[in-house]
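Undergrad: Test case, fold it:
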Amino acid sequence: MDWSNCPDAERIPGKVSGAWLVVGTRIPADAVVDNADDCFSAEQIVAEIRDHGSGLLDAAAGIMPGS
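TA: The predicted structure follows:
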């Protein structure tokens, strides 16, 4: 898909191998569409990202120096 005209997508050389991403994130735009194709609502997609993101941050906090 051509994301070049979508204001909610950005591509930054060197960030996630230059893939099109949701603006301000490292979430591939195509992953959002793939989830929608699998019948996930926008609310479900956001909740999944939030839930997994929190878990990843918790895990990282456990291995960071000083934690």
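
Undergrad: going forward, measure contacts and count neighbours with C-alpha atoms only.
TA: OK.

Undergrad: In which helix or strand does Ala61 reside?
TA: For Ala61, the host element (DSSP states H and E) is helix 42-63.

Undergrad: what distance separates that helix from the middle of the whole chain?
TA: How far helix 42-63 lies from its chain's middle: 10 Å, per CA atoms, centre = their mean, to the nearest Å.

Undergrad: can you pull the buried residues of that helix?
TA: Ile45 (16 or more other CA atoms under 10 Å).

Undergrad: likewise stretch 9-21?
TA: Of all the residues in stretch 9-21, those buried under the rule 16+ other CA under 10 Å are Ala9, Glu10, Arg11, Ala19, Trp20, Leu21.

Undergrad: any idea which of those residues is closest to Asp51?
TA: Minimum distance to Asp51 across these is 19.0 Å, recorded for Leu21 (CA to CA).

Undergrad: Let's see the helix holding Ala61 as CSV, backbone CA atoms only.
TA: What follows is helix 42-63, C-alpha atoms only, in CSV (Å, rounded to 0.1, in the frame of the first residue of the first chain):
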residue,chain,number,x,y,z
ALA,A,42,-9.7,0.2,16.0
GLU,A,43,-10.4,0.1,19.7
GLN,A,44,-9.2,-3.6,19.9
ILE,A,45,-6.0,-2.7,17.9
VAL,A,46,-5.2,0.2,20.3
ALA,A,47,-5.9,-2.0,23.3
GLU,A,48,-3.6,-4.8,22.0
ILE,A,49,-0.8,-2.3,21.5
ARG,A,50,-1.3,-0.7,24.9
ASP,A,51,-1.4,-4.1,26.7
HIS,A,52,1.7,-5.5,25.0
GLY,A,53,3.5,-2.2,25.3
SER,A,54,2.9,-2.1,29.0
GLY,A,55,4.2,-5.6,29.4
LEU,A,56,7.3,-4.9,27.4
LEU,A,57,8.1,-1.8,29.5
ASP,A,58,7.5,-3.8,32.7
ALA,A,59,9.9,-6.5,31.5
ALA,A,60,12.5,-3.9,30.5
ALA,A,61,12.3,-2.2,33.9
GLY,A,62,13.2,-5.5,35.5
ILE,A,63,16.4,-5.7,33.5
